[in-house]
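Enquirer: The sequence isn't on hand, but the structure is:
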């Protein structure tokens with residue numbers, strides 16, 4: 001009898017431990033951007049909302065600044081189960097599939113309204129591709145419009161010839177090739193060092209990354225040409241998501257919807273602030289000459305045509321839906 005009771009007690013204890021483990025889950029969330037960046041601040045609120053909504057059953061630890069995985073390693077980490085969810089810049093993976101790079105085609109979508117419309121047109125195809133790799137899109141947030149930072153004045157595309165051009169996705173590499181610059185792949189977390197060592201001296205990015213990296217210490221010119229608005233996506237392992245109970249899944253989706261709405265709003269609000277900070281720190285900021293903008297528009301037209309060929313029927317369907 002004593003042995004039977006002991007066995008029952010042991011079994012009950014194991015069941016309790018198993019239930020407790022199932023009741024509370026801890027997720028790791030890597031991102032490549034600093035804690036002070038608006039994307040990261042939004043993610044922290046997203047994680048906090050989930051913690052609160054699940055009464056602590058799901059806790060997410062945010063690893064910012066590339067501390068757990070570098071920005072270009074996050075997708076693979078989520079796909080391989082090394083992290084349950086993470087933040088990626090989707091255009092960074094357009095070598096895998098051109099559909100991922102539609103938001104970084106120069107001058108296709110140059111405002112927040114246009115960017116939102118383009119995301120609505122491309123989201124189903126993007127989600128379908130990530131789903132095949134075992135991942136689910138939770139939400140998107142755009143960076144502010146992309147401009148050109150340079151160590152010297154730029155009046156036309158010809159002035160970019162030979163420049164050491166920082167690239168962060170295949171499309172920015174392609175721009176460099178079209179204007180005769182030398183593309184150098186540098187992630188956002190490594191930009192400050194790359195500038196300090198002279199590895200790059202010209203690049204296209206948002207005022208947000210320029211501010212985060214204190215680029216005014218190395219470059220003095222910013223041309224606010226609003227070329228495109230690349231998006232970050234927060235993705236989750238479908239396996240990890242399926243492992244949650246129904247209330248926790250609903251809490252994650254609700255927090256994600258709130259984070260997307262909040263993130264788009266904050267991105268637009270902070271765009272003006274970031275540019276003001278560049279000016280306050282001694283940078284020369286203007287919209288770019290008519291010649292420069294005309295040259296860049298031609299680059300954009302070439303890249304739209306190239307992208308449509310690469311993306312095939314799916315790509316054409318996205319453009320048709322966007323332009324409708």
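Expert: Cool, the structure landed. As the structure is a computational prediction, the values presented were derived from the model and not from experiment. Numbering: from 1, shown residues only.
Enquirer: C-alpha from now on. contacts and neighbour counts both.
Expert: OK.
Enquirer: Show me the helices in this structure, by range?
Expert: Ranges of helices within the chain are 2-23, 38-53, 74-79, 112-132, 170-179, 191-196, 207-212, 238-242, 246-280, 290-323, based on DSSP state H.
Enquirer: okay if I get those helices as a markdown table plus mean neighbour count, distance to residue 145 and mean pLDDT?
Expert: Formatted as a markdown table, the helices of the chain follow (neighbours: other C-alpha atoms under 10 Å; distance: least, C-alpha to C-alpha, whole Å; pLDDT from 0 to 100):
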| stretch | mean neighbour count | distance to residue 145 | mean pLDDT |
| --- | --- | --- | --- |
| helix 2-23 | 11 | 42 | 52 |
| helix 38-53 | 19 | 14 | 98 |
| helix 74-79 | 22 | 23 | 98 |
| helix 112-132 | 17 | 8 | 98 |
| helix 170-179 | 20 | 14 | 94 |
| helix 191-196 | 18 | 18 | 93 |
| helix 207-212 | 22 | 8 | 94 |
| helix 238-242 | 16 | 31 | 98 |
| helix 246-280 | 17 | 8 | 97 |
| helix 290-323 | 16 | 14 | 95 |
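Enquirer: Now tabulate these in TSV and tack on distance to residue 138.
Expert: Shown next, in TSV, are the helices of the chain (distance: least, C-alpha to C-alpha, whole Å):
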stretch	distance to residue 138
helix 2-23	22
helix 38-53	11
helix 74-79	13
helix 112-132	10
helix 170-179	24
helix 191-196	28
helix 207-212	23
helix 238-242	10
helix 246-280	6
helix 290-323	20
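Enquirer: Tell me which of those helices lies nearest to residue 154.
Expert: Set against residue 154 and scored by C-alpha to C-alpha, those come closest in helix 290-323, at 7.7 Å.
Enquirer: so that closest one versus helix 112-132, what angle?
Expert: For helix 290-323 against helix 112-132, the angle between stretch directions is 60 degrees (axes from the mean of the first three to the mean of the last three C-alpha atoms, to 10 degrees).
Enquirer: on that earlier part again, to residue 140, which of the helices of the chain lies closest?
Expert: For those, the distance to residue 140 is smallest for helix 246-280, at 5.7 Å, taking C-alpha to C-alpha.
Enquirer: Hey, what's the angle from the closest one to helix 38-53? Just curious.
Expert: 150 degrees.
Enquirer: packing partners for helix 246-280?
Expert: helix 38-53, strand 135-142, helix 207-212, strand 284-286 (3 or more C-alpha pairs under 8 Å, 6 or more residues apart in numbering; DSSP states H and E).
Enquirer: about what we covered before: looking at the helices of the chain, which is nearest to residue 227?
Expert: For residue 227, the closest of those is helix 290-323, at 8.3 Å, according to C-alpha to C-alpha.
Enquirer: Who are the contact partners of the nearest residue to residue 117 once chain neighbours are set aside?
Expert: Spatially, and ignoring its direct neighbours in sequence, residue 117 is nearest to residue 322 (6.2 Å; C-alpha to C-alpha, 6 or more residues apart in numbering). Contact analysis of residue 322 by C-alpha atoms under 8 Å, 6 or more residues apart in numbering lists 117, 118, 121.
Enquirer: 10 Å instead, please
Expert: Neighbouring residues of residue 322 by C-alpha atoms under 10 Å, 6 or more residues apart in numbering: 108, 109, 114, 115, 116, 117, 118, 119, 120, 121, 122, 316.
Enquirer: gap between it and residue 228?
Expert: From residue 322 over to residue 228 the distance is 15 Å, taken as C-alpha to C-alpha, to the nearest Å.
Enquirer: how far does stretch 106-119 sit from the chain's center?
Expert: Centre-to-centre, stretch 106-119 and its host chain are 15 Å apart (C-alpha atoms, centre = their mean, to the nearest Å).
Enquirer: re earlier: can you list the helices and strands packed on helix 246-280 in JSON lines and add distance to residue 63?
Expert: Formatted as JSON lines, these follow (distance: least, C-alpha to C-alpha, whole Å):
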{"stretch": "helix 38-53", "distance to residue 63": "9"}
{"stretch": "strand 135-142", "distance to residue 63": "18"}
{"stretch": "helix 207-212", "distance to residue 63": "17"}
{"stretch": "strand 284-286", "distance to residue 63": "33"}
